[in-house]
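In: fold the following for me, if possible:
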Amino acid sequence: MKSKNAFVALFLVCLFLNEATYAQTRLGDAPRQKTKNSESFSLNGQIVDQENGKGIPYATLFVKDLNVGTSCNEDGYYELNLPQKDSYNIIIRSTGYTEKTINLSYSASPHQQDISLTKNTLDLNEVVVTGTRTEKTLANAPILTRVITSAQLMQNDFENIMDALEYTIPGLQFNNDPRGDNIRIQGLENKYILILVDGERLSTTPGGPIDFERLSMSNVKQIEVIKGAASALYGSSAIGMTINIITKTPERKLEGWAKTRYSRFNDLVMDASVGTAIKNITSQTLFYRNSYDGYDLTPESPQAYTKNPGKNMNIEQKLGWNNKGTKVTASGTLYFNEITNPKESTKNTHYKSDNKTLRTAVEQEIGRYNQLKASYYGDFYTRKTVFEKLDKSEKNATSHIQTIRLIDIYTPLDNLQTVFGGEYNWNKDYNEIQYGENLKTRKVNDINGFGQFDWQIIPLVNLIGGFRYTHHSVFGNAYSPKVNIMFSPGDWRIRGGYSRGFKAPDATELYSDFMMGSVSHNIGNPNLKPEKSNYFYLSSEYRLQKLNASIDIYQNSIDNKIQSAYVLVKDENGVESTEMRYSNVDKARIRGVELSADYYPVKQLYIHGSYAYTDAKNMKTNLQLKGNTRHAFSLNATYKEKIFKKDFSVSLAGHWSSSKINDAEETITDPDTGETTHVVTNNPQSAFSLWKLTVLCTPWKKGYMQVNVSGGIQNIFNYTDAEKFTTYDPGRRAFGSVTLKF
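Out: Numbers count the residues shown, from 1 in each chain. As a prediction, this is how the structure comes out:
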């Protein structure tokens with residue numbers, strides 16, 4: 001209650017500051033702009049496409065000297081109220097167009113200006129936020145960021161978030177097991193990969209993985225991916241990779257979509273949204289439902305499927321209010337999921353889950369230089385056991401996350417911006433069996449303070465430094481510094497940096513005390529140390545209008561890596577048993593090179609390719625990390641054309657991975673001589689590739705209304721592996737979808 005009261009008090013303070021200190025207008029509110037100079041004039045006109053002269057909807061104008069701006073309406077018209085001064089530098093931006101800066105003189109220029117923009121086939125003006133927690137265009141982000149755009153998501157009609165990531169990020173794979181969908185990349189599993197939605201971390205399922213089924217593809221604006229440690233900004237778990245899923249916000253008076261997608265195994269998706277943006281208020285309601293029959297790669301045992309039948313539903317409401325320098329947003333989500341048993345199963349129980357999320361945030365501009373942000377986020381995941389014969393269910397586990405954060409973005413100079421903040425994270429995990437008989441609920445929390453400065457030293461050099469201090473309720477203090485530098489001569493971007501990451505042990509590793517069937521007794525270790533990493537990278541990027549190519553070289557060293565191991569023990573009576581114990585025994589070193597290129601050989605054809613080489617070594621055993629693939633490649637090509645005056649596109653997406661390493665080391669003792677030898681057994685999983693073909697057509701379009709029809713084939717070459725489960729993909733399957741947008 002104290003935290004909620006504090007948040008309400010902060011909100012009231014922000015409202016007071018809004019009326020007392022407001023001296024400028026946020027982007028998009030030009031008619032209400034105020035300036036210190038009462039003698040002002042109105043600059044207006046239209047932002048148009050240079051090729052066809054049509055207005056560009058919602059293009060933005062930013063007056064760099066005054067730190068004010070506005071956005072166009074749906075026809076490209078704008079109006080700026082400006083003070084009378086000698087000249088202005090105005091930056092004009094729109095997605096898909098080359099950024100343009102113009103200099104206007106008050107005395108020499110007319111007060112009505114139409115401005116044309118040139119289409120850019122490679123959109124490097126895309127705004128990204130993950131690497132710095134502030135808005136940067138993709139070209140000017142000092143931390144190399146990979147972006148999966150909404151156009152790529154639509155043209156490939158990906159099944160879900162997992163599908164989009166696996167086909168786009170080389171070396172990343174999802175494996176399904178009874179615990180859920182597990183990510184693995186560079187020999188690192190779920191716990192080293194931080195998953196965010198709009199900058200907030202998702203709660204894990206009680207088994208450990210993220211439940212990606214609760215995320216609708218249609219509402220994704222873009223997916224941003226940064227590799228390496230990001231703990232200075234995001235805290236624990238941001239060691240191997242950070243994936244930030246950015247969702248959409250309404251921009252028009254009425255907009256939305258309704259989509260139906262169907263594929264093999266009765267996989268049916270129904271997805272809909274309706275949103276509005278009227279004056280300073282936005283609202284969006286979203287609905288998502290998915291049901292499927294599941295599939296089995298081992299038909300010889302029909303009682304258990306590789307993926308069991310299931311269904312899930314997600315309902316979300318988002319609200320926003322933007323008045324002068326104050327912005328308030330809030331959203332709430334309800335998610336329901338149920339995984340049932342195959343018809344042949346003899347089990348009389350199954351699982352169902354529900355998830356509730358609540359997000360609320362206040363942003364307040366204070367004068368010309370400060371932007372204050374306060375937010376609360378709660379994510380509450382609950383899993384229940386359903387007793388089918390009794391027709392009842394009981395809670396067996398929960399995973400709860402709550403975060404309160406306060407950030408101040410201070411911009412005293414055009415070339416200097418700082419970010420300071422504090423954060424409190426509270427985790428509560430309940431498990432009916434996992435933590436022993438006496439204590440079934442475990443709580444941990446951490447308090448954080450962090451800062452970052454972003455300094456454009458000279459036009460060609462951008463320096464970012466940051467630091468986070470964390471006090472964790474279990475392991476104590478942690479320090480996470482970072483430094484990044486970008487040198488940008490002409491069409492080149494050369495980036496380099498260092499960052500330190502940390503990961504706190506989870507509740508299973510610290511406190512578990514339960515029997516894993518007849519296999520072993522799982523025992524946690526409350527004396528575990530947090531895992532820490534040191535990440536170094538150097539990248540070079542070359543960009544032209546039709547080509548964007550980059551090379552990224554990195555090393556990630558992880559200390560105190562937590563490992564589980566089976567230990568044979570004897571009790572006082574000499575009876576042997578097996579225990580699974582956790583300890584800080586490993587040091588891992590991951591080195592790699594990644595090549596990436598985006599290319600438009602002709603206007604209608606887009607090609608993206610990425611290659612990753614990874615050397616992921618356990619420094620104690622000198623073996624590769626289990627599950628690592630040394631070589632991985634991904635390709636995405638889209639050809640767009642008009643046929644009978646209708647928009648068509650054909651997209652081919654594929655990824656290839658070399659054999660997955662599965663080495664093991666054991667000590668063998670000769671019973672006669674007592675001599676011991678170390679033996680390495682090699683049982684790799686085979687190399688494989690998966691390919692996907694998608695055809696998208698827009699048979700009807702009028703204004704903002706359009707119908708999209710897509711169809712294609714997933715896993716074109718029907719690759720499956722029921723022996724070693726290199727992939728859990730069920731094989732070739734056709735799919736189709738119909739979407740109405742308005």
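
In: contacts and neighbour counts: CA atoms only from here.
Out: Will do.

In: now for this structure, the helix or strand with the poorest mean pLDDT.
Out: Taking mean pLDDT, DSSP states H and E as the measure, the chain has helix 2-21 as its least confident helix or strand, at a mean of 44.

In: what does the model give the residue lying closest to I56 once chain neighbours are set aside for pLDDT?
Out: Using C-alpha to C-alpha, 6 or more residues apart in numbering and skipping the chain neighbours, the partner closest in space to I56 is G76 (4.6 Å). The model reports G76 with a pLDDT of 89.

In: go on, E213?
Out: The model reports E213 with a pLDDT of 81.

In: phi, psi of A151?
Out: When quoted as degrees, to the nearest 10, the phi and psi of A151 stand at phi -60, psi -40.

In: measure it to T247 for me?
Out: 14 Å (C-alpha to C-alpha, to the nearest Å).

In: repeat that for I239.
Out: Remark: distance between I239 and T247 (C-alpha to C-alpha) = 24 Å.

In: out of those two, which sits in the more crowded spot?
Out: Neighbours per residue (other C-alpha atoms under 10 Å) separate I239 from T247, with I239 holding more: 31 against 17.

In: what packs against the following helix or strand past the least confident helix or strand of the chain?
Out: Next in sequence after helix 2-21, counting helices and strands by DSSP states H and E, comes strand 40-49. Helices and strands touching strand 40-49, by 3 or more C-alpha pairs under 8 Å, 6 or more residues apart in numbering; DSSP states H and E, are strand 77-83, strand 115-117.

In: for stretch 131-141, how far is the first residue from the last?
Out: Length of stretch 131-141, first residue to last, C-alpha to C-alpha: 7 Å.

In: contacts for that stretch?
Out: Here stretch 131-141 makes contact (C-alpha atoms under 8 Å, 6 or more residues apart in numbering) with 124-129, 142-145, 226, 230, 233, 493.

In: quick one: mean pLDDT for that stretch?
Out: Here the average pLDDT along stretch 131-141 is 82.

In: in it, what counts as buried?
Out: If you call a residue buried by 16 or more other C-alpha atoms under 10 Å, then stretch 131-141 has these buried ones: 131-132, 136, 138-141.

In: can you pick out the most distant pair from those residues?
Out: The distance between the two most remote of those (C-alpha to C-alpha) is 13.7 Å, for T132 and A139.

In: what bridges to the residue nearest the centre of the chain?
Out: Centroid check for the chain by C-alpha atoms, centre = their mean gives N244 as the closest residue, at 2.1 Å. Beta-bridge pairing for N244 (DSSP bridges): L196, E224.

In: list the contacts of it.
Out: By C-alpha under 8 Å, 6+ apart, the residues touching N244 are 130, 195-199, 223-225.

In: from A597, how far off is it?
Out: According to C-alpha to C-alpha, N244 stands 21 Å off from A597.

In: ok, back up a step: the contacts of stretch 131-141 in strands, which ones?
Out: When the contacts of stretch 131-141 are checked against strands (DSSP state E), the matches are 127-128, 226, 493.

In: for the closest residue to I210 other than its chain neighbours, helix, strand, or coil?
Out: Leaving out its chain neighbours, the residue that sits closest to I210 by C-alpha to C-alpha, 6+ apart is T204, at 4.7 Å. Secondary structure assignment for T204 (DSSP: H, G, I helix; E, B strand; the rest coil): coil.

In: C-terminal to the longest strand anywhere in the chain, what's the next element?
Out: Looking across the chain with DSSP E, the single longest strand is strand 576-602. Using DSSP H and E, the helix or strand that follows strand 576-602 in sequence is strand 605-618.

In: just the C-alphas of that next one, formatted as PDB.
Out: Only the C-alpha atoms of strand 605-618 are listed here, as PDB (Å, rounded to 0.1, in the frame of the first residue of the first chain):
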ATOM      1  CA  LEU A 605      13.300  -6.900 -53.800                       C
ATOM      2  CA  TYR A 606      14.600  -6.900 -50.200                       C
ATOM      3  CA  ILE A 607      17.200  -9.400 -49.000                       C
ATOM      4  CA  HIS A 608      18.400  -9.800 -45.400                       C
ATOM      5  CA  GLY A 609      21.100 -12.300 -44.400                       C
ATOM      6  CA  SER A 610      22.900 -13.000 -41.200                       C
ATOM      7  CA  TYR A 611      25.700 -15.400 -40.300                       C
ATOM      8  CA  ALA A 612      26.900 -16.100 -36.700                       C
ATOM      9  CA  TYR A 613      30.000 -18.000 -35.600                       C
ATOM     10  CA  THR A 614      30.100 -18.900 -31.900                       C
ATOM     11  CA  ASP A 615      32.800 -20.400 -29.800                       C
ATOM     12  CA  ALA A 616      31.200 -21.100 -26.400                       C
ATOM     13  CA  LYS A 617      33.600 -22.800 -24.000                       C
ATOM     14  CA  ASN A 618      33.300 -24.100 -20.500                       C
END
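
In: contacts only, for T145.
Out: T145 is in contact with 128, 131, 138, 224-226, counting by C-alpha under 8 Å, 6+ apart.

In: could you export these as TSV, including distance to S512?
Out: TSV is the format used below for the contacts of T145 (distance: C-alpha to C-alpha, whole Å):
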residue	distance to S512
V128	39
G131	35
L138	43
E224	34
V225	32
I226	32
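
In: run a quick neighbour tally on the nearest residue to I401 once chain neighbours are set aside.
Out: The shortest distance from I401 to any residue other than its chain neighbours is 4.8 Å, reached at N427 (C-alpha to C-alpha, 6+ apart). Using other C-alpha under 10 Å, N427 has 19 other residues around it.

In: backbone dihedrals for N427, both of them.
Out: Main-chain dihedrals, N427, degrees, to the nearest 10: phi -120, psi 130.

In: which parts of the stretch 351-500 of the chain are strands?
Out: Remark: strands assigned in the stretch 351-500 of the chain by DSSP state E, counting those that start in this stretch are 370-387, 392-413, 416-431, 441-458, 461-472, 476-487, 492-503.
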